[in-house]
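Peer 1: coords please:
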Amino acid sequence: ATCERPTSRLAIMPFLVPIEVKASPLGGNGLFAKEDIPAGTKFWVMKAQGDDIAKVVPLELNIENPFKITENRTWSEEEMSTLTDEQINDIFWRGYAHEPSQLWIELSDGDGYHNHSDTPNCGSDFTKSPWDEVQCAIKDIKAGEEILDDYGDFHNSKIPWVNRVMERTASGRLHFERDYATPKKIATTEAT
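Peer 2: Modelled structure (predicted):
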């Protein structure tokens, strides 16, 4: 008998450096470095595997009423079709389209607290597998500094099913996606 891997899997908590969630001067809540993060440092992984497992640190939540922190997962169109429109809308607001796999990544580990900046201090390019996704510091991040991403890297999904379902269930997210600039490639290196 063969063992087939399901399309969607859960991931363990994937922060590799001390991070906290607290009120952001940009509004709402954000992710903040608890220690200096040098440029090139990998600080988040979709799924901790290999050497990264030993590096995983707990996320510190210093806010009232945080969303429930669970494990990340991926969604296919077929899997989403079993959910209510309200559930789908919630999922679309906590993740991004992973074009290489044609899946939606739901960030439930706290990474969804990233705020946007046109001058981000973190980022990465898509990987072939959603389970290999990472975030790296693209410039030095000082302790206490907010960790900011460029949402333009994920806007205007090139996944037809995501656009169709988002139009029907999460039009607010669809318009939010379209408000950001054209994505650009980010050259990242990983510090060892």
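Peer 1: any chance you could map the helices in the chain?
Peer 2: Listed in chain order, the helices of the chain (DSSP state H) span residues 77-80, 85-92, 160-169, 171-178.
Peer 1: Show me how far the worst-scoring helix or strand of the chain on mean pLDDT is from its chain's centre.
Peer 2: Least confident helix or strand, the chain: strand 60-61 with a mean of 70, by mean pLDDT, DSSP states H and E. Mean-position distance between strand 60-61 and its chain equals 17 Å (C-alpha atoms, centre = their mean, to the nearest Å).
Peer 1: Listing partners with orientation, what would you give for that strand?
Peer 2: strand 19-23 (parallel) (DSSP bridges).
Peer 1: Could you tell me which residues within the strand it pairs with count as buried?
Peer 2: Buried positions in strand 19-23, judged by neighbour count with 16 or more other C-beta atoms under 10 Å: Ile19, Glu20, Val21. Yep, even glycine has a C-beta here, placed from its N, CA and C like the rest.
Peer 1: Which strand residues bridge Lys22?
Peer 2: Bridge pairing for Lys22 (DSSP bridges) gives the partners Gly30.
Peer 1: Make residue 1 into 484 and carry on from there
Peer 2: Noted, 484 is the first residue going forward, which turns the last one into Lys505.
Peer 1: check contacts around the nearest residue to Tyr634 once chain neighbours are set aside.
Peer 2: Spatial nearest neighbour of Tyr634, chain neighbours left out: His599 (4.3 Å); criterion: C-beta to C-beta, 6 or more residues apart in numbering. By C-beta atoms under 8 Å, 6 or more residues apart in numbering, the contact list for His599 reads Leu509, Leu631, Asp632, Asp633, Tyr634, Tyr663.
Peer 1: ok, the third one - how many residues close by?
Peer 2: Neighbours of Asp632 under the rule other C-beta atoms under 10 Å: 21.
Peer 1: I'm done for today, thanks for sticking with me.
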